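In: sequence and predicted model, in that order:
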Amino acid sequence: MKQPFLRLLTSRLFSLSLLLPGLTYAGEPFSFAVIAKPSSASTGANAVREAIHQTDRDNLAFVVVNGIKADNEACDDKLYQERRSLFESAKNGLIVSLAASDWARCVNARNRTIAVERIARLREMFFVDEFSFGDSKLPLIRQSAIPSFRLYAENMQWRIGDVLFATINLPANNNNFLNAAGRNSEYEDRQVANTDWIKRLFITAKGNKLQGIVLFTDANPMAHRAQTTGFFSSEKREGFADIRRQIARAAKDFHGQILIVHSDPDADRNAARHTIVWKDNIGAVRVDPGWTRLSVTPSAKPLFAITPRTDNGKR
């Protein structure tokens, strides 16, 4: 008898929490940073450590790590734990957004996928409480607070002023879609969760008349893959098509701006480095290895901009 009541209570508390005002910076400009995943195993830990140290010295609302590890680093618990310790050492509030290299591209010694096992382990290690990593703890709302989607703790949201920020698990390996019958249960289940998550984000943003939404992803779901690479064909399903259509439809009914921050090498190939590419009210920016500083200026057009770092380093 208690379980249905607890589920109903959890769901209602989650719904009410979406109506809470932004934490700080109401009406004031603020900045945040995005640390891209390392480019290789040889620079992995040092690159992450240096980026965190540099962002520690900046005046930032928060930091997002867009990918835990490089493609050629090991998919093992030891490395995950080392990165977790680095994230915990941050001075700013630090949020992790997953990349395909963290789980979807992981294989065992027989070159067989271990993606499902690795994503389950990452959820246990990195997405277990209601706050960010770092000294400046940010309260987070996880999709796992909804009983129907209790597995998807990596999908998170937080609000600052009139901007809603969120992570969504869209790996750049064609959204982990496998072109084989009966092998896509992970993709299909996550697709249902992601569709519901995006729906809730836009309902929250529109209901609170927010100025903007920022989505942190591995892939850029708005990039038409058949046009950006020769990898996809009519025989291979494009794993982001449904999400792309959903975001495009929702954007038409949203008065504010939407920014997608990604690390997708196959998207925005022709865009200048450190440039936000806009189409109507949807913008996309690819973050390269190292870290990128972005600013939010309420009531400005555009609302989002890439701004110089204060560490005097090259971007």
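Out: Nice, I can see it. Numbers count the residues shown, from 1 in each chain.

In: helices and strands of the protein: which one bottoms out on pLDDT?
Out: helix 2-17 (a mean of 41; mean pLDDT, DSSP states H and E).

In: need the distance between the two termini of stretch 221-239.
Out: 9 Å (CA to CA, to the nearest Å).

In: just the mean pLDDT for it, thanks.
Out: Computed over stretch 221-239, the mean pLDDT rounds to 60.

In: how about stretch 281-288?
Out: On average, stretch 281-288 scores 94.

In: what do you get for stretch 123-138?
Out: 96.

In: so how far is it from its chain's centroid?
Out: 14 Å (CA atoms, centre = their mean, to the nearest Å).

In: ok, now stretch 210-217?
Out: 10 Å.

In: can I have it written out in PDB, keeping just the CAs?
Out: C-alpha atoms of stretch 210-217 as PDB (Å, rounded to 0.1, in the frame of the first residue of the first chain):
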ATOM      1  CA  LEU A 210      12.100  31.500 -19.400                       C
ATOM      2  CA  GLN A 211      14.400  33.200 -21.900                       C
ATOM      3  CA  GLY A 212      16.500  30.200 -22.800                       C
ATOM      4  CA  ILE A 213      17.200  26.500 -22.700                       C
ATOM      5  CA  VAL A 214      20.700  25.000 -22.900                       C
ATOM      6  CA  LEU A 215      21.200  21.300 -23.700                       C
ATOM      7  CA  PHE A 216      24.500  19.600 -23.100                       C
ATOM      8  CA  THR A 217      24.900  16.500 -25.300                       C
END
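
In: so where's the chain shaky on pLDDT?
Out: 1-26, 180-182, 224-236, 268-273, 311-315 (pLDDT under 70).

In: what about the strands in the stretch 1-150 of the chain?
Out: Along the stretch 1-150 of the chain, counting by DSSP state E, counting those that start in this stretch, strands occupy 30-36, 63-66, 94-97, 141-142.

In: what do you get for the stretch 151-300 of the chain?
Out: Using DSSP E, counting those that start in this stretch, strands in the stretch 151-300 of the chain cover 156-160, 163-167, 212-216, 257-262, 277-279, 282-286, 290-296.

In: tabulate these (TSV), appending mean neighbour count.
Out: C-beta coordinates here come from the backbone N, C-alpha and C atoms, glycine included. Shown next, in TSV, are these (neighbours: other CB atoms under 10 Å):
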stretch	mean neighbour count
strand 156-160	22
strand 163-167	25
strand 212-216	25
strand 257-262	25
strand 277-279	14
strand 282-286	23
strand 290-296	22
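
In: can you tell which of these is closest to R83?
Out: strand 290-296 (15.1 Å; CB to CB).
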